[in-house]
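J.: Here is a sequence together with a model predicted from it:
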Amino acid sequence: MEPFETATLGDFGAQSTLDPAGQGAAAILPLTWGMTIAFGVVFVLVMALVWFAWTRSGGRTWWIVGGGVVLPLVSILILMVFSISTLQAITRAHPDSLVIDVTGHQFWWDVVYDPEGLAMRDANEIVLPKGRPVTLRLMSEDVIHSFWVPSIAGKMDMIPGRSNTLTVTATETGRFRGQCAEFCGLSHPLMAFEVVVLEPEDFLRWFDDTMGEAEDAAQTQLVQGREVFETAGCPACHEVRGVAEGGVLGPDLTRVGGRATLGAGMWRMNKGNLAGWIADVQDMKPGANMPSFNHLSGPELRALTAWLASLK
Ligand code: HEC
Ligand SMILES: [Cu+2]
């Protein structure tokens with residue numbers, strides 16, 4: 001899978017509830033229109049009553065009982081029945097679904113495929129097979145985040161100490177954008193990610209290609225880059241399978257060069273942005289929990305960047 005292959009965007013772009021590409025989003029769309037229309041009618045009615053109250057005088061208790069109690073009670077009850085049944089449909093765990101754990105961190109996403117089996121770790125990008133139900137177990141490592149891929153499914157909070165379940169079934173292949181939807185700190189608006197939906201057989205191929213260790217560095221510059229990675233202290237927070245294990249404070253970098261975006265959905269993945277990120281992450285993402293490595297020499301930074309970009 002090439003980074004940034006042309007996205008199959010719908011009429012409203014890669015991040016829109018109006019353009020469903022998943023069963024959850026498709027279930028929510030009629031609710032969105034239904035509520036917009038129902039509350040539009042209520043708004044017009046209320047405005048008409050305000051006008052009525054202004055232009056006439058005299059007590060009419062039945063207006064208060066009817067318009068203030070009965071009408072809201074009935075309309076909200078009807079809408080509640082629809083929203084609760086939709087909520088149940090989209091949060092029900094599916095018995096033979098693929099399980100993916102997604103954990104929100106300030107300001108990035110940790111992703112573990114098949115956590116109780118192969119437990120393949122990745123970050124900031126979620127690859128889904130088309131047409132197969134996937135159970136997302138949503139958690140948080142620090143503060144409350146909210147997981148939202150408008151084109152695929154509804155929104156779900158990620159709460160520290162809890163695991164919330166969202167079952168999604170993508171119905172279109174392509175790239176879709178997700179975004180943290182709960183204010184979580186300085187770089188909250190820079191906490192996005194991509195969802196890549198592949199045909200089931202492409203998904204299996206991708207999974208097989210990706211789950212192993214990082215490819216061994218072959219050229220001198222790449223070997224140098226790996227050494228800089230090890231000596232500069234990156235493994236304290238980052239894991240690269242087969243090179244450095246155990247760093248979990250930052251995103252897994254085993255296939256960082258294969259992701260389409262850098263910095264949780266914020267920049268295109270390329271060597272220039274990677275070098276800028278390492279040397280001055282605090283400028284590219286204020287408040288990120290990674291220090292800027294501005295003491296690396298030019299050749300060190302180039303080698304490190306080349307090695308990271310080669311990890312696919
Ligand atoms: C103190 C922990 C820490 C150290 C040390 C650290 N990082 Fe990071 N790194 C992070 C965190 C946290 C993030 C996620 C930041 C965000 O997106 O909010 C990150 C993100 C990244 C990303 C972006 C990953 C992606 O998918 O977008 C790259 C690349 C990266 N770091 C490379 C490095 C390199 C190279 C070094 C060593 C020179 C290093 N990091 C040292 C914590 C660290
Ligand atoms: Cu967040």
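T.: In hand now; what should we look at? In this text the structure is predicted, and so the values were computed from the model without any measurement. Residues are numbered from 1 along each chain as shown. Ligands and ions are numbered 1, 2, ... in the order given.

J.: CA only for contacts and neighbour counts going forward, please
T.: Will do.

J.: what's next to stretch 99-106, contact-wise?
T.: Applying Cα atoms under 8 Å, 6 or more residues apart in numbering, the external contacts of stretch 99-106 come out as 109-115, 134-143, 145, 158, 184-185, 187-188, 191, 288-289.

J.: near ligand 1, which of those show up?
T.: 288-289 (Cα under 6 Å from any ligand atom).

J.: Just the buried ones from the contacts of stretch 99-106?
T.: For the contacts of stretch 99-106, a burial check counting by 16 or more other Cα atoms under 10 Å picks out 109-114, 134-141, 143, 145, 158, 184, 187-188, 191, 288-289.

J.: for Leu73, helix, strand, or coil?
T.: Under DSSP: H, G, I helix; E, B strand; the rest coil, Leu73 falls in the helix class.

J.: give the contact list for the closest residue to ligand 2 within the stretch 51-200 of the chain.
T.: At 4.1 Å from ligand 2, His145 is the closest residue in the stretch 51-200 of the chain, using Cα to the ion. Residues in contact with His145 (Cα under 8 Å, 6+ apart) are 104-105, 157-159, 180-184.

J.: pLDDT at Glu230, what is it?
T.: Note on Glu230: pLDDT of 94.

J.: Quick check: which element contains it?
T.: Secondary structure assignment for Glu230, by DSSP states H and E: helix 220-231.

J.: Measure how far that helix is from the centre of its chain, please.
T.: 31 Å (Cα atoms, centre = their mean, to the nearest Å).

J.: same question, stretch 159-175
T.: Going by Cα atoms, centre = their mean, the spacing between the C-alpha centre of stretch 159-175 and its chain's C-alpha centre is 9 Å.

J.: For the residue of the stretch 51-200 of the chain closest to ligand 2, grab phi and psi.
T.: Main-chain dihedrals, His145, degrees, to the nearest 10: phi -120, psi 170.

J.: Strands of the stretch 101-250 of the chain, start to end?
T.: For the stretch 101-250 of the chain, applying DSSP state E, counting those that start in this stretch gives strands covering 108-113, 120-123, 125-129, 134-140, 145-148, 156-158, 164-168, 174-180, 192-198.

J.: Can I get the ones you listed in TSV including mean pLDDT and distance to Phe82?
T.: Converted to TSV, those look like this (pLDDT from 0 to 100; distance: least, Cα to Cα, whole Å):
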stretch	mean pLDDT	distance to Phe82
strand 108-113	96	31
strand 120-123	94	35
strand 125-129	95	28
strand 134-140	95	22
strand 145-148	97	21
strand 156-158	96	18
strand 164-168	91	18
strand 174-180	93	25
strand 192-198	95	28
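
J.: Save the ones you listed as CSV, and put in distance to Gly24 too.
T.: Output for the strands of the stretch 101-250 of the chain, formatted as CSV (distance: least, Cα to Cα, whole Å):
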stretch, distance to Gly24
strand 108-113, 20
strand 120-123, 23
strand 125-129, 14
strand 134-140, 11
strand 145-148, 11
strand 156-158, 12
strand 164-168, 6
strand 174-180, 14
strand 192-198, 15
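
J.: Nearest to Gln221, out of these?
T.: Of all the strands of the stretch 101-250 of the chain, it is strand 120-123 that lies closest to Gln221, at 24.9 Å by Cα to Cα.

J.: which secondary structure elements does that closest one contact?
T.: strand 108-113 (3 or more Cα pairs under 8 Å, 6 or more residues apart in numbering; DSSP states H and E).
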